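Novice: Structure of the sequence below:
(2 chains)
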Amino acid sequence: MKLWVEAGILISAVLPLVRLWRGPDLWDRLAGASSLNVRVALLLACEAVLGGHGLLLDVALAYATLGFLGTVLLARFGERGER
Amino acid sequence: MIAQVVLGAGLALLFLGGAGLVRLHDSYERLQGAGVGDIGGATLVLVGLVLARGWGATGGVVLVLLFFLLFTGPIATHAVAKAAFVRGVRPKEKRS
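Specialist: Residues are numbered from 1 along each chain as shown, chains lettered A, B, ... in the order given. I've put the predicted structure just below:
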């Protein structure tokens, strides 16, 4: 069960990478980056629970926090002024 | 059994949100697709993880991560959409 769940999350992480690579605008790249952050946090949680590494769950929590802060700060920065 | 069904549904929602993020036509439509896919996929995958391994030592932290993602996903989507609207991006009126 661990193999196909983590492989599915990894393959679904390719699609936000495509939007991050060729978004025509800053906002599309921000949407792709936020979506990629969620998938990486889910992958860390899956490895922590299904693989037995309990420490990675705290890493996933910290990663989700920092990804959210990065997305909101970049959005506020792009709203404020020059790109 | 039910854990695998829930995990599979979460993976399907993650793929659906990613496809919406790639295939839709407008910035706001892409934001909506990404937000819905992320929230639904994260909820179903984390609930499936709790169902798969039981209410052990890690279930509480998984639920904390779930509530954190449930709170921060719409906030991030709203921040990006509001920034795009303030900077002058308008949704397309009509598409062929």
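
Novice: From now on I want contacts and neighbour counts done on CA atoms only, so please keep to that.
Specialist: Fine.

Novice: List, one by one, the residues from chain B near chain A.
Specialist: B:4, B:7-8, B:11, B:14-15, B:18-19, B:21-22, B:27, B:30-31, B:34-35, B:38, B:42, B:45-46, B:49, B:53, B:58, B:61-62, B:65, B:69, B:72-73, B:76-77, B:79-81, B:83-84, B:86-87 (Cα under 8 Å from any Cα of the partner chain).

Novice: Where do the helices of chain A begin and end?
Specialist: Along chain A, the stretches classed as helices by DSSP state H are A:2-12, A:14-21, A:26-51, A:55-80.

Novice: just these: most buried one?
Specialist: helix A:26-51 (a mean of 23; mean count of other Cα atoms under 10 Å in any protein chain shown).

Novice: Would you mind measuring from the residue nearest in space to the middle of chain B to A:Phe77?
Specialist: Residue closest to the average C-alpha location in chain B (Cα atoms, centre = their mean): B:Asp38, at 1.2 Å. For B:Asp38, the distance to A:Phe77 (Cα to Cα, to the nearest Å) stands at 23 Å.

Novice: what about the helices of chain A, which gets the closest to B:Pro91?
Specialist: helix A:26-51 (12.9 Å; Cα to Cα).

Novice: Chain neighbours aside, what residue packs nearest to the one residue in chain A that gets nearest to chain B?
Specialist: Using Cα to the nearest Cα, the single residue of chain A nearest to chain B is A:Glu79, 4.5 Å away. In space, and not counting its chain neighbours, A:Glu79 is closest to B:Ala83: 4.5 Å by Cα to Cα, 6 or more residues apart in numbering or on different chains.

Novice: do A:Ala75 as well
Specialist: B:Val80 (5.2 Å).

Novice: what's the helix or strand for the one you found?
Specialist: helix B:59-86 (DSSP states H and E).
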